[in-house]
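>>> Take a look and give me a structure for this.
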Amino acid sequence: MFGKKPTSVSQERLSAALRATAPSDKINSIRRGPRADRKSTWATCVLVWEPRGREEGVCVDISETGARIRFRNKPMIPGKFHFVSAKLGINFPAEFIRQDGNDVAIRFVPGE
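Okay, the predicted model is just below:
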(Lines give C-alpha, C1' and ligand atoms only; values in the text may rest on other atoms or scores of the structure.)
Protein backbone atom coordinates (compact mmCIF):
# COMPACT_ATOMS: atom_id res chain seq x y z
CA MET A 1 0.00 0.00 0.00
CA PHE A 2 2.77 2.47 0.90
CA GLY A 3 5.46 0.95 -1.29
CA LYS A 4 7.36 2.51 -4.14
CA LYS A 5 5.52 3.99 -7.08
CA PRO A 6 5.49 1.73 -10.12
CA THR A 7 8.01 2.77 -12.74
CA SER A 8 6.67 3.81 -16.12
CA VAL A 9 7.36 1.53 -19.06
CA SER A 10 9.14 3.09 -22.02
CA GLN A 11 7.59 2.83 -25.49
CA GLU A 12 10.60 0.82 -26.72
CA ARG A 13 10.20 -1.75 -23.97
CA LEU A 14 6.45 -1.98 -24.55
CA SER A 15 6.79 -2.50 -28.30
CA ALA A 16 9.54 -5.09 -27.74
CA ALA A 17 7.29 -7.00 -25.34
CA LEU A 18 4.43 -6.93 -27.82
CA ARG A 19 6.67 -8.18 -30.63
CA ALA A 20 7.90 -11.03 -28.43
CA THR A 21 4.40 -12.23 -27.54
CA ALA A 22 2.71 -12.15 -30.94
CA PRO A 23 3.87 -11.78 -34.53
CA SER A 24 2.89 -8.52 -36.22
CA ASP A 25 0.44 -10.27 -38.60
CA LYS A 26 -1.43 -11.73 -35.61
CA ILE A 27 -1.67 -8.34 -33.90
CA ASN A 28 -3.43 -6.90 -36.96
CA SER A 29 -5.86 -9.81 -37.16
CA ILE A 30 -6.87 -9.43 -33.50
CA ARG A 31 -7.77 -5.75 -33.82
CA ARG A 32 -11.17 -4.69 -35.01
CA GLY A 33 -11.69 -1.99 -37.58
CA PRO A 34 -11.01 1.63 -36.72
CA ARG A 35 -13.32 3.24 -34.19
CA ALA A 36 -15.76 5.87 -35.38
CA ASP A 37 -14.72 9.45 -34.62
CA ARG A 38 -15.99 10.45 -31.19
CA LYS A 39 -17.15 13.87 -30.15
CA SER A 40 -16.74 14.81 -26.52
CA THR A 41 -19.95 16.25 -25.10
CA TRP A 42 -21.71 16.81 -21.80
CA ALA A 43 -25.42 16.52 -22.62
CA THR A 44 -28.18 15.16 -20.42
CA CYS A 45 -29.93 12.08 -21.78
CA VAL A 46 -32.43 9.40 -20.84
CA LEU A 47 -32.52 5.68 -21.59
CA VAL A 48 -36.13 4.54 -21.90
CA TRP A 49 -37.43 0.95 -22.17
CA GLU A 50 -40.71 -0.92 -21.83
CA PRO A 51 -42.85 -1.23 -19.76
CA ARG A 52 -41.86 1.88 -17.76
CA GLY A 53 -38.10 1.77 -17.37
CA ARG A 54 -36.16 5.01 -17.34
CA GLU A 55 -32.63 5.96 -16.35
CA GLU A 56 -31.26 9.52 -16.57
CA GLY A 57 -27.59 10.20 -17.22
CA VAL A 58 -25.07 12.39 -19.02
CA CYS A 59 -23.74 11.60 -22.48
CA VAL A 60 -19.95 11.90 -22.14
CA ASP A 61 -19.03 11.18 -25.75
CA ILE A 62 -20.89 10.23 -28.91
CA SER A 63 -20.14 8.97 -32.41
CA GLU A 64 -22.18 7.87 -35.41
CA THR A 65 -22.32 4.30 -34.09
CA GLY A 66 -22.79 4.75 -30.34
CA ALA A 67 -22.23 6.70 -27.15
CA ARG A 68 -20.85 6.52 -23.63
CA ILE A 69 -23.18 7.56 -20.83
CA ARG A 70 -22.31 8.33 -17.20
CA PHE A 71 -24.81 7.77 -14.38
CA ARG A 72 -24.81 8.87 -10.72
CA ASN A 73 -25.30 5.29 -9.54
CA LYS A 74 -24.53 1.94 -11.14
CA PRO A 75 -27.68 1.28 -13.21
CA MET A 76 -29.27 -1.97 -14.36
CA ILE A 77 -29.85 -1.52 -18.11
CA PRO A 78 -31.72 -3.99 -20.37
CA GLY A 79 -30.35 -5.17 -23.72
CA LYS A 80 -32.57 -2.93 -25.90
CA PHE A 81 -33.90 0.59 -25.20
CA HIS A 82 -34.29 4.09 -26.68
CA PHE A 83 -31.61 6.76 -26.27
CA VAL A 84 -33.20 10.22 -25.94
CA SER A 85 -31.35 13.54 -25.68
CA ALA A 86 -33.19 16.81 -26.28
CA LYS A 87 -29.94 18.80 -26.25
CA LEU A 88 -28.42 16.62 -28.99
CA GLY A 89 -31.74 16.19 -30.82
CA ILE A 90 -31.59 12.38 -30.75
CA ASN A 91 -34.32 9.82 -30.15
CA PHE A 92 -32.94 6.54 -31.45
CA PRO A 93 -33.13 2.82 -30.60
CA ALA A 94 -29.94 1.44 -29.05
CA GLU A 95 -28.49 -1.64 -27.41
CA PHE A 96 -26.33 -2.21 -24.34
CA ILE A 97 -22.66 -3.01 -25.08
CA ARG A 98 -20.75 -2.90 -21.79
CA GLN A 99 -20.64 -1.30 -18.36
CA ASP A 100 -17.57 0.04 -16.56
CA GLY A 101 -18.69 1.17 -13.11
CA ASN A 102 -21.05 4.12 -13.61
CA ASP A 103 -20.28 4.40 -17.36
CA VAL A 104 -22.33 2.50 -19.94
CA ALA A 105 -21.39 2.03 -23.58
CA ILE A 106 -24.26 1.76 -26.07
CA ARG A 107 -24.55 1.12 -29.82
CA PHE A 108 -27.21 2.72 -31.99
CA VAL A 109 -29.37 0.18 -33.82
CA PRO A 110 -30.55 1.46 -37.22
CA GLY A 111 -33.87 0.29 -38.62
CA GLU A 112 -35.63 -0.72 -35.41
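>>> Quick one: the strands in this protein, in order.
Remark: strands of the chain, listed N- to C-terminal, are 39-49, 53-62, 66-70, 80-85, 90-100, 103-108; assignment by DSSP state E.
>>> Could you pull out the buried residues of the second one?
For strand 53-62, the buried set under the neighbour-count rule, 16 or more other Cβ atoms under 10 Å, comprises E55, G57, C59, V60, I62. In this view, the C-beta of every residue, glycine as well, is placed from N, C-alpha and C.
>>> ok, residues contacting that strand?
By Cβ atoms under 8 Å, 6 or more residues apart in numbering, the residues outside strand 53-62 that reach it are 38-48, 67-72, 75, 77-78, 81, 85, 88, 103-104.
>>> Buried deepest among the strands of the chain, which one?
Across the strands of the chain, averaging neighbours per residue (mean count of other Cβ atoms under 10 Å) puts strand 66-70 on top, at a mean of 22.
>>> Show me what that one pairs with in its sheet, parallel or antiparallel.
When pairs are called by DSSP bridges, strand 66-70 turns out to pair with strand 53-62 (antiparallel), strand 103-108 (antiparallel).
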